[in-house]
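Asks: Structure, please.
(one chain, ligands or ions: 2)
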Amino acid sequence: MITLKSKREIEKMAESGALLAGVHRALRNFIKPGITSWDIEEFVKNAIESQGAIAAQIGYEGYKYATCCSINDEICHGFPRRKTLKNGDLIKVDMCVELNGAISDSCWAYVVGEASPEVAQLMDVTKKALYLGIEQAKVGNRIGDIGHAIQTYAEKEGYGVVRDFIGHGIGPTIHESPAVPHYGEAGKGLRLKEGMVITIEPMINTGTWKMKMDSNGWTARTLDGGLSCQYEHSIAITADGPLILTSQGEEGTY
Ligand code: MF3
Ligand code: CO
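Replies: Numbers count the residues shown, from 1 in each chain. Ligands and ions are numbered 1, 2, ... in the order given. Below is the predicted model of the structure:
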C-alpha cells in the first residue's frame, strides 16, 4: 500500500531532511586521511542526537549503527569500523534521521583526501545519474521513467547499475512502498502521484552490477572488486515538481 503524504507531513519530512543535510555538509570537512569510519559514526550519531533527533538506522531490522559506511568496493551496508581511512578512498555515508516522527534518508559519497581520475569520474557520473532520476520524479510520470533515465545514462558511461538494492517509499517508517529500481523501461510501472515520498539512491559500479554478500549478512560488495559509488536523496512528488527534502543546496550545479 502506498500512503500519500499531506502538505503538513511533507513539511515535517523536510525539517528532518534539512537536519540530515546539515550533517552531510559537516562531514565534508570532517572526512580526511587518518580518521576511521568509527570516527564518522560517532560524529554523525552525536550531530543527530544533540539536535534532538533520532538516528533511525539504529535498531532497524537489527542494524546497530547510525551510519552505513561503505568503502571502495563495498556497495552498501558497510559497518563503521576502526580502520584508518587513507588518501584516495571512496566512502559512502548513508544515514536516516527521525525528527518529530518524520524520517529522511540520504547517502552521500566522499573522497578521502585527493580523488584519482577514476574515482572523480565515477562520483561525477553517479551524482548526475541521481539528478537525472530526480528530474523524472514528477506527477504523471511512471516509476520506470526514473530507472530508465538513470540506467541509460550510467550504462552509456560504461558503468554497471546495481540491481539488488533499490529506492523506496519513506514516511513514518524507513522502507515503504513503492519500490524504486534504478533500472527499467520508460513508460512502465506505477504512475507517480502528488504526495508520494520516495528515495532515489543509485549505486553505480565501475564494472559489473553484480554483487556478493559478506559473511556478516549485511555488507554487499562488487563481485569483480571494482569501485561502487552512491548518492541518495529523499524526494516528495508535488504539484510543482520534485521537492528534494535532503537538499544540500547544490542543485542547479548539476
Ligand atoms: N539508508 C538505507 C537505505 O537507503 C537504509 C539502510 S537499512 C539499515 O535504504 F538497516 F542499514 F539501516
Ligand atoms: Co534509502
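Asks: Surely His148 is in contact with His182?
Replies: No. Contact between His148 and His182 fails when scored by Cβ atoms under 8 Å: they sit 9.6 Å apart. The C-beta positions use only the backbone N, C-alpha and C, and glycine is treated the same way.
Asks: higher neighbour count, the two?
Replies: Using other Cβ atoms under 10 Å, the more surrounded residue of His148 and His182 is His182, with 27 against 23.
Asks: what's near enough to touch that one?
Replies: Shown in contact with His182 (Cβ atoms under 8 Å, 6 or more residues apart in numbering): 129, 133, 146-147, 150-151, 161-162, 166-167, 200-203.
Asks: so it, which of the three states?
Replies: At His182, secondary structure determined by DSSP: H, G, I helix; E, B strand; the rest coil is coil.
Asks: again, but for Phe165
Replies: Per three-state DSSP, Phe165 ends up coil.
Asks: Verify the contact between it and Met203 for me.
Replies: Yes. If you go by Cβ under 8 Å, Phe165 and Met203 touch, sitting 6.0 Å apart.
Asks: element containing Leu4?
Replies: Using DSSP states H and E, Leu4 sits in no helix or strand.
Asks: what kind of secondary structure is the residue nearest to it when sequence neighbours are not counted in?
Replies: Closest residue to Leu4 apart from its sequence neighbours, by Cβ to Cβ, 6 or more residues apart in numbering: Gly195 at 3.3 Å. Gly195 carries the three-state label coil when classified by three-state DSSP.
Asks: quick revisit: what sits in contact with each of Phe165 and Met203?
Replies: Common neighbours of Phe165 and Met203 (Cβ under 8 Å, 6+ apart) are 75-76.
Asks: okay, the two: which has more neighbours?
Replies: Met203 (29 against 17).
Asks: can you pull the contacts of the closest residue in space to that one that isn't next to it in sequence?
Replies: Leaving aside its chain neighbours, Met203 sits nearest to Val162 (3.8 Å; criterion: Cβ to Cβ, 6+ apart). Going by Cβ under 8 Å, 6+ apart, Val162 touches 75, 182, 202-205, 209, 211, 228.
Asks: And for Ser6?
Replies: For Ser6, the contacting residues are Gly195, by Cβ under 8 Å, 6+ apart.
Asks: Tell me how far it lies from Ile54.
Replies: 22 Å (Cβ to Cβ, to the nearest Å).
Asks: Centroid-wise, who is the farthest residue in the chain?
Replies: Gly34 (24.7 Å; Cα atoms, centre = their mean).
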